[in-house]
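Colleague: Fold the stuff below for me.
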Amino acid sequence: MSGRGASPVLVATALLAAGLLVPTMACAAAGASVDAPVLRRAVLAVVCLLGGFSLCLRGWDRFAQRRRWHGVGLVAGGGLLGIAALSLLGLSEHPQTWNWWI
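Modeller: Just a heads-up that it's a prediction; the model follows:
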């Protein structure tokens, strides 16, 4: 390992082998061409980014009202939602992920 962490393809393969990631039925058909789900993933990413931003704003408001732990939880949740959205956009570049339901 070069210290950069596990590659997304290795992580996806491990999740697929563990049964935590279920591909669509199109994956079973060998040789079938599948279009990239760019629009679906882009719309979902925008919704997740807006939701994450909203959670962060609400979290900072709660933090200002001296509800620190509630605010920290909302800010962290919003950040995680934003990271998930950007990761979803990054997965669109890999053709191996085009058969996934998301």
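
Colleague: Going along the chain, name the helices of this structure.
Modeller: Applying DSSP state H to the chain gives helices spanning 8-18, 38-64, 68-91.

Colleague: Tell me which other helices or strands the second one touches.
Modeller: Right, helix 38-64. helix 68-91 (3 or more C-beta pairs under 8 Å, 6 or more residues apart in numbering; DSSP states H and E). In this view, the C-beta of every residue, glycine as well, is placed from N, C-alpha and C.

Colleague: for the helix it packs on, which positions count as buried?
Modeller: Using 16 or more other C-beta atoms under 10 Å as the burial criterion, the residues of helix 68-91 that qualify are 71, 74-75, 77-78, 81-82, 85, 88-89, 91.

Colleague: tell me the angle that helix makes with helix 38-64.
Modeller: 160 degrees (axes from the mean of the first three to the mean of the last three C-alpha atoms, to 10 degrees).

Colleague: buried sites along stretch 92-102?
Modeller: Buried-residue list, stretch 92-102, by 16+ other C-beta under 10 Å: 92, 97-100.

Colleague: Could you dump those residues into a markdown table with distance to R67 and pLDDT added?
Modeller: A markdown table is the format used below for these (distance: C-beta to C-beta, whole Å; pLDDT from 0 to 100):
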| residue | distance to R67 | pLDDT |
| --- | --- | --- |
| S92 | 38 | 84 |
| T97 | 39 | 84 |
| W98 | 43 | 83 |
| N99 | 44 | 83 |
| W100 | 38 | 81 |
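
Colleague: of all those residues, which two lie farthest apart?
Modeller: Pairwise distances across the buried residues of stretch 92-102 (C-beta to C-beta) peak at 12.6 Å, for the pair S92 and N99.

Colleague: H94 versus the nearest residue to F53 once chain neighbours are set aside, what's the distance?
Modeller: Spatial nearest neighbour of F53, excluding adjacent residues (C-beta to C-beta, 6 or more residues apart in numbering): G78 at 6.6 Å. G78 is 26 Å from H94, where distance means C-beta to C-beta, to the nearest Å.

Colleague: Could you export stretch 91-102 as CSV, CA atoms only?
Modeller: Extracted C-alpha coordinates of stretch 91-102, given in CSV (Å, rounded to 0.1, in the frame of the first residue of the first chain):
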residue,chain,number,x,y,z
LEU,A,91,-18.3,7.0,-8.7
SER,A,92,-19.8,8.1,-12.0
GLU,A,93,-16.4,8.0,-13.6
HIS,A,94,-15.9,4.3,-13.1
PRO,A,95,-17.8,2.1,-15.7
GLN,A,96,-17.8,-0.8,-13.2
THR,A,97,-20.4,1.2,-11.1
TRP,A,98,-22.8,2.0,-13.9
ASN,A,99,-24.8,-1.2,-13.2
TRP,A,100,-25.5,-0.3,-9.6
TRP,A,101,-29.0,0.8,-8.6
ILE,A,102,-27.8,4.2,-7.4
